[in-house]
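[1] Generate a structure from the sequence data that follows.
(chains A and B)
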Amino acid sequence: MSFLNNGLSGIHASQMALSVASNNIANAATPGYSRQQIMLSARPGGFYGAGNGVQVDGVQRIADQYLTAAVWSSNTQAGFATAKASYLGKTEELFGSEGSNISAGLDSLYAALNASIESPNDIATRQGVLNEARALTSRFSTINQGLDSQLKQIESQLGASVSEINTRLENIANLNKEIQGHTASGNIPPALLDARDQAVSELSEMVEIRTTENSDGTLNITLPMGQPLVLGNSAGTFNLTPDLDNPQFSKLSLSVGGTDYHLDGNVGGQLGALFDYRDNSWQQSRDFIDELAMKLADAFNEVLAEGTDLNGNAPEMDLFSYDPANPAATLKVSDGFTADMLAFGKSENPGEPGKPGDNSNLLDLVALADKKLEFDSLGTSATLNEAYATKLGQLGIESRQAQLEAETAVGELVRSLNERDSVSAVSLDEEAVNLIIYQQQYQANAKVISMADQLFATALHMW
Amino acid sequence: MRVTGQQMHRLNLTSMQQNATNYGQVMQQMSTGKRINVASDDPLGAVQTLSLQREQAAISQYMDNIGGLRMSLSRSESNLDNMNNVMLRMRDLTLQAFNGTNGPEERDGIAAELRILRDSLVDYANAKDEKGKYIYAGHEVDTPPITIDDDGNYVYQGDDGLREIPVGDGSFVTGNDTANQLFFNGATDIFNQMTQWIDALEDPELDTNDPEFHALFEQTMEIIDFSISSVGQTMTEIGGRQNAMNLMEMAHQDIGLFNQELIGNIEDLDYAEASLELATYLLALQATQQSYAQINQMSLFNHI
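    Have a look, this model is predicted:
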């Protein structure tokens, strides 16, 4: 009666297979789920070794570690590139918007100065110059505020990212521990492996990682330079501390099992992008706008100091004032500066008073529009207007570059996800076929049992 | 290759997102009419536009300067023309006064008119512009250029300051002329000379045959003629400046138009091209949506 047992094993196997298929169908949309496959083999034995039914060897999780690692690596690239592109896009908008465009402000100031050229003693047009000078300083302050609030945003995003990463690391270490517990039995639940891969995947968006699998099933995670993030059951913690050299900035460090590693922020992923943007592009923009504010104020003040005011006297006060520690934020028309103090004239001989109708120093002010100044932050010499255009162009190119890199990285991520899904994701059509196959198998085996039953009954009738 | 539902969803989703993004971008371009809305749309074009805009700003400043200057030079021209007329009348009267047939009363009448003419010439030389500054005082725009000192003599109290007005890159046009250069260039000026001449004419004892009177007449005529020619020369010069400015203005207008066209070429949107693009993205978006909906209907589960 071995075919009764064969039928039973078939029913058993098809039930198992249907259960696996239904589990796959149920998880078709679960993020990070890897499809499972039943492993069947022919049971040896029986008459002349012809076989003894089917046996279920186990359930296999279909995953290709190489493809999964490729997804992680693409995640890192995409996380880095999109975060960077988003910040650069904001900065170029800040510098390019009408209200903060320094070039337009300079044009208005020069126009007001030109309006005074014919009647340098006219108080109304002089007042116009003061008004435009004030308007120009407020454009600086708009850009400065934009950069300030961007820094605040970066710093708070750094804090949020670090705590999210720490949670993930903790999570992965815990999953490692659970997986380790199952290693001895040889049956690691696929759901645990999926959960760990998913956690690592989310981690890889935030920082660049390297992984190595240990013989006990645990996964070690390190930074590319080797600093450990997860070692077996223990997780490291990222910390942010204020940078003593620059208290506005926070500094990244990592502590694992009592050892502290200082990190330069070049950690890849979204976290790395925040540091990269802050320490390079943001800092350059800040340096530039500070230098531009300083160069503008110094250039105008220097020329004005050579002249004489409406009363013929050497000026007692600078038009522009600023705090050298924070020029763009503090640039303003000096308190108490009035229109008659603008030194448009020039005394012909030292000590002699200037004349009200003299515009010779005003001509020198207007000539500042074409004067090249040395800009350290740009590494070139340029007029005030050219400097701003150059900066805007640089930001545009950087932002364009970052957008292209982000597009490429996201495309690469989609490609690697597709490759992974091609192997690991659930195909509903495939599962439908499985359902049909195993349903038929079940029915056929039930028939075998019922036939065995009939044969048995026939045999009984003989008596 | 094994194709799973996840891939299908992702493929269609990315494609729809991409098409929607592109569609939105073209929409934005069409609503602003500009191809470049942020520098990264075309960094080189953006920088080029910015520098062309600066050039446009400079040109419009030069044009404004030219406009203002043209007005003030025209004002000065008509003022100089008035001076000229006054001096021509002075010349006629001086000739008339020298005529030996005049009696003392006639000379008195002529002297009275000459006095009025002299005073009005002083007024013209002390003219102010609409902003209240003295036109012919050099840099001393708050001081009337011609006044009478304690000794009763006419003196010039302005200076020789000239205002240069930028009308182009490195091109300047002088914006003012001084009464000093108009009238006080020779040994004597027309104002003090006229006073002396009027005094002589009003002298009831005047002997018209007196050689001194003859000499005074000669000198007065010489100075009137000198002043007339000096004013005339200045008017010619101002005419020359006006011509130079007109040429400059035409050049600015040409460059301005050319720049405007360049800016347009760089940053303005080609609407025909944009509408075509818009239609293409819309079509692609709709096609993706339709095929996605259709693919989604395809499932073996519909048939078992």
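[2] And for the residue in the stretch 1-150 of chain B that chain A sits nearest to, the neighbour number?
    The nearest approach of the stretch 1-150 of chain B to chain A comes at residue B:39, 2.7 Å away (CB to the nearest CB). All C-beta spots, glycine's among them, are computed from the backbone N, C-alpha and C. Using other CB atoms under 10 Å in any protein chain shown, residue B:39 has 28 neighbouring residues.
[3] So what pairs up with residue B:34 in the strands?
    Taking DSSP bridges as the rule, residue B:34 bridges to residue B:268.
[4] what does the stretch 201-304 of chain B put close to chain A?
    B:299, B:300, B:301, B:304 (CB under 8 Å from any CB of the partner chain).
[5] Hmm, the last one is touching residue A:436, no?
    What it means is residue B:304. Yes - contact criterion CB atoms under 8 Å: residue B:304 and residue A:436 qualify, at 6.3 Å.
[6] neighbour count winner among the two?
    Set residue B:304 next to residue A:436 and count neighbours by other CB under 10 Å: residue A:436 wins out with 13 against 10.
[7] Return the list of helices and strands in contact with the strand or helix carrying the more buried one.
    Assigned by DSSP states H and E, residue A:436 belongs to helix A:428-461. Contacts defined by 3 or more CB pairs under 8 Å, 6 or more residues apart in numbering or on different chains; DSSP states H and E place helix A:428-461 against helix A:2-26.
[8] List the buried residues in the helix it packs on.
    Across helix A:2-26, burial judged by 16 or more other CB atoms under 10 Å in any protein chain shown covers A:3-14, A:16-18, A:20-21, A:23-25.
[9] Can you tell me which of the residues of the stretch 201-304 of chain B next to chain A is nearest residue A:331?
    Ranked by distance to residue A:331 (CB to CB), those are led by residue B:299 at 65.9 Å.
[10] wait, does the helix or strand hosting residue A:399 contact chain B?
    Following DSSP H and E, the helix or strand that holds residue A:399 is helix A:384-424. Yes - using CB under 8 Å from any CB, we find that helix A:384-424 touches chain B at A:385-386, A:388-390, A:392-393, A:395-397, A:399-400, A:403, A:414, A:417-418, A:421-423.
[11] Residue B:52 is in contact with residue B:262, correct?
    Yes - with contact defined as CB under 8 Å, residue B:262 counts as touching residue B:52 (5.7 Å).
[12] Strands along chain A, start to end?
    Applying DSSP state E to chain A gives strands spanning A:36-42, A:54-61, A:210-213, A:219-222, A:228-231, A:234-235, A:237-243, A:246-256, A:259-263, A:320-321, A:332-333, A:373-375, A:380-382.
[13] which residues touch the last one?
    The one in question is strand A:380-382. Strand A:380-382 is contacted by residues A:372, A:373, A:374, A:375, A:390 when judged by CB atoms under 8 Å, 6 or more residues apart in numbering or on different chains.
[14] my guess is the second one meets residue A:294, correct?
    This points to residue A:373. No - between residue A:373 and residue A:294 there is no contact under CB under 8 Å: 10.1 Å.
[15] Name the residues linked to the residue lying closest to residue A:297 once chain neighbours are set aside by a beta bridge.
    In space, residue A:297 comes closest to residue A:320 once its chain neighbours are excluded; the distance is 3.6 Å by CB to CB, 6 or more residues apart in numbering or on different chains. Applying DSSP bridges to residue A:320 yields these beta-bridge partners: residue A:333.
[16] so what's residue A:320 up against?
    Residues in contact with residue A:320 (CB under 8 Å, 6+ apart) are A:133, A:137, A:296, A:297, A:300, A:301, A:331, A:332, A:333, A:334.
[17] So which of these are in helices?
    Of the positions in these, A:133, A:137, A:296, A:297, A:300, A:301 sit in helices, assigned by DSSP state H.
[18] Tell me how many other residues surround the fifth one.
    The burial count assigned to residue A:300 is 20, neighbours taken as other CB under 10 Å.
[19] What is the neighbour count of the nearest residue to residue A:227 once chain neighbours are set aside?
    Distance criterion CB to CB, 6+ apart; nearest residue to residue A:227, sequence neighbours excluded, is residue A:261 at 4.7 Å. By other CB under 10 Å, 16 other residues sit near residue A:261.
[20] And residue A:261, how close does it get to chain B?
    Distance, residue A:261 to chain B, using CB to the nearest CB, to the nearest Å: 36 Å.
[21] Chain B versus residue A:341, what's the distance?
    17 Å.
[22] what do you get for residue A:105?
    Residue A:105 is 11 Å from chain B, by CB to the nearest CB.
[23] got it, and residue A:41?
    To chain B, residue A:41 is 23 Å away according to CB to the nearest CB.
[24] thinking that residue is in contact with residue A:54, fair?
    Yes - the criterion here is CB under 8 Å, and residue A:41 meets it with residue A:54 at 7.4 Å.
[25] returning to that earlier point: over the helix holding residue A:436, what's the mean pLDDT, rounded is fine.
    Helix A:428-461 shows a mean pLDDT of 93.
[26] Next, the contact list for the spatially most central residue of chain B, please.
    In chain B, the C-alpha nearest the mean C-alpha coordinate belongs to residue B:66, at 2.1 Å (CA atoms, centre = their mean). Contact partners of residue B:66, counting by CB under 8 Å, 6+ apart, are B:167, B:245, B:248, B:249, B:252.
[27] a strand runs through the first one, doesn't it?
    Yes - in this structure, residue B:167 lies within a strand as judged by DSSP: H, G, I helix; E, B strand; the rest coil.
[28] buried stuff in stretch B:289-302?
    Within stretch B:289-302, the residues scored as buried using 16+ other CB under 10 Å are residue B:292.
[29] that older thread, out of residue A:41 and residue A:54, which sits in the busier spot?
    Higher neighbour count among residue A:41 and residue A:54: residue A:54, with 22 against 11, using other CB under 10 Å.
[30] bridging residues for the more buried one?
    Bridge pairing for residue A:54 - DSSP bridges - gives residue A:42.
[31] follow-up on the earlier one: quick check: of the contacts of residue A:320, which has the highest neighbour count?
    Compared across the contacts of residue A:320, residue A:296 has the highest neighbour count, 27 neighbours, by other CB under 10 Å.
[32] what's the closest of the contacts of residue A:320 to chain B?
    residue A:296 (15.2 Å).
[33] does that closest one really touch residue A:384, like I thought?
    Yes - Residue A:296 is in contact with residue A:384 according to CB under 8 Å; the separation is 5.7 Å.
[34] so what's in contact with these two at the same time?
    Taking CB under 8 Å, 6+ apart as the criterion, residue A:296 and residue A:384 both touch residue A:106.
[35] Go through the contacts of residue A:320 and name the one nearest residue A:448.
    Nearest member of those to residue A:448, counting by CB to CB, is residue A:331, at 92.0 Å.
[36] which phi and psi does that closest one have?
    When read as degrees, to the nearest 10, the backbone of residue A:331 gives phi -60, psi 130.
[37] what residues are up against it?
    Under the criterion of CB under 8 Å, 6+ apart, the neighbours of residue A:331 are A:137, A:140, A:141, A:293, A:296, A:297, A:320, A:321, A:322.
[38] and the residue of chain A nearest chain B?
    Here the residue of chain A nearest chain B is residue A:396; by CB to the nearest CB that distance is 2.7 Å.
[39] Assess the claim that that residue and residue B:45 are in contact.
    No - under the contact definition of CB under 8 Å, residue A:396 does not touch residue B:45, with a separation of 9.2 Å.
[40] the more surrounded of those two?
    residue A:396 (25 against 18).
[41] Report all helices and strands that the helix or strand hosting residue B:106 contacts.
    Assigned by DSSP H and E, residue B:106 belongs to helix B:104-125. In terms of contacts (3+ CB pairs under 8 Å, 6+ apart), helix B:104-125 is packed against helix B:43-98, helix B:179-183, helix B:190-202.
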